[in-house]
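Novice: Dropping a prediction and its sequence here:
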Amino acid sequence: MRKSLWVGKWPKVSIIISNYNGLQLNLVIDSLTSVLNCDYPNYEVFLVDNASMDRSVQIIKRKFGKNRRLKIIRNPINMYSQGLNLGLENATGEYIAFFNNDIEFKSGYLQKIINLFQKEPKAALIQGKLLYFYDHKMIDSAGETMDIYGNPITIGAGEKDLGQYDRQTKILSASGSASAIRRSVVNIVGDFDPDFGIGYEDMDFALRIRLKGLKVLYQPDAVIYHKRGKTDLSNIVRVKVRWHFNKNRLATMIKNYPVFLLLKALPITILLYIAAGLWEILIKRKFSLGFTRFTAIIWILRNLPSLLRKRFTIRGDINQKGEESMLNLLSNTPLFKSFLSFVRAK
């Protein structure tokens, strides 16, 4: 009786963990163990496997198959954004928490996230404080933003945690590695863009939330640990991911920016693509990575009618204060620094 009352006090949370080759990278077992042992009393877990080439699914079934909280969803293709949507389709919770396969829980994490949702009725997306798993005194992320040219900026990344990010605040976007949404927001802004694959799907989602006048918040009391950087860095994967990021940066701008900002930023961003692509091909001799700049522009041109239809849907009914808040939270990065961000991208 006590247990049912305790569970009833807390709304149900659906936890969605994205996995690709997490067994081979020695990540997913530890992460899933941490999640299934979390101290939140009312939750379900969906492990979405994005067509892993290792034996992730088989080993997870063998090790955790008897845990009634866990359900495994197999995505037939390695498309991260489509995997997130598969998780959304199956989730039954009032709130949904997203995690990559390289996180570890700290006690009370979900409780603090849910408490903030309940205190802030207009909060649609919340991120806690991400610390480096291998050094708990180093910040991994205290929120996400970008400049007008689409260069992503992780707030606080690599800084020593001295309490400088201990204040609850508004952020432009939340880390895709660990964040949570109110389930009802999907009915308002739609799901993750399935054409994105990987990269900027979280930023695009957050901008759509802001354009509806809803809040994206940072909750520093909710701490979680992240093993950033442990991923499949084979050349084929790196090129594929770079291409998705390049096209999705432009797509995010086209879908969400007001006309005046789009006319200002998009031509410069394309010029930066061309300059950075030539730099990578001619100077750095990274031909495959350099060509992704140009093939991304070609993809945008081919898919422009679809992108404009999405833009019409998103911007056809926006909240003016929400748009002002979005614009105020974009980073004011000088153009030269933006170019350096392009050419230094791995």
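Specialist: Arrived safely.
Novice: Any buried residues in stretch 212-228, and which?
Specialist: 212-220, 222-228 (16 or more other Cβ atoms under 10 Å). (C-beta placed from N, C-alpha, C; glycine too.)
Novice: ok, what's across the strand from M146?
Specialist: When assigned by DSSP bridges, M146 has beta-bridge partners P152.
Novice: gap between it and I224?
Specialist: Computed as Cβ to Cβ, to the nearest Å, the M146 to I224 distance reads 22 Å.
Novice: One more: E104?
Specialist: Per Cβ to Cβ, E104 is found 7 Å from I224.
Novice: For E323, give me its contacts.
Specialist: R210, L211, P258 (Cβ atoms under 8 Å, 6 or more residues apart in numbering).
Novice: In strands, which of those appear?
Specialist: Using DSSP state E, no member of those falls within strands.
Novice: Hmm, N67 is touching V35, no?
Specialist: No: using Cβ atoms under 8 Å, N67 and V35 do not qualify as a contacting pair, with a distance of 10.4 Å.
Novice: Give me the more crowded residue out of those two.
Specialist: A count of neighbours by other Cβ atoms under 10 Å puts V35 above the other of N67 and V35, at 23 against 12.
Novice: Would you list the phi and psi of the more buried one?
Specialist: When read as degrees, to the nearest 10, the backbone of V35 gives phi -70, psi -50.
Novice: Ok, the one 4 residues further on next?
Specialist: Here the main-chain torsion angles of D39 (degrees, to the nearest 10) amount to phi -90, psi 10.
Novice: how deep is the residue lying closest to it once chain neighbours are set aside tucked in, by neighbour count?
Specialist: With Cβ to Cβ, 6 or more residues apart in numbering as the criterion, D39 has its nearest non-adjacent residue at 5.4 Å, and that residue is S107. Counted with other Cβ under 10 Å, residues neighbouring S107 total 10.
Novice: which SS state does S107 fall under?
Specialist: coil (DSSP: H, G, I helix; E, B strand; the rest coil).
Novice: I'd assumed S34 was in contact with it.
Specialist: No: using Cβ under 8 Å, S107 makes no contact with S34, being 10.9 Å away.
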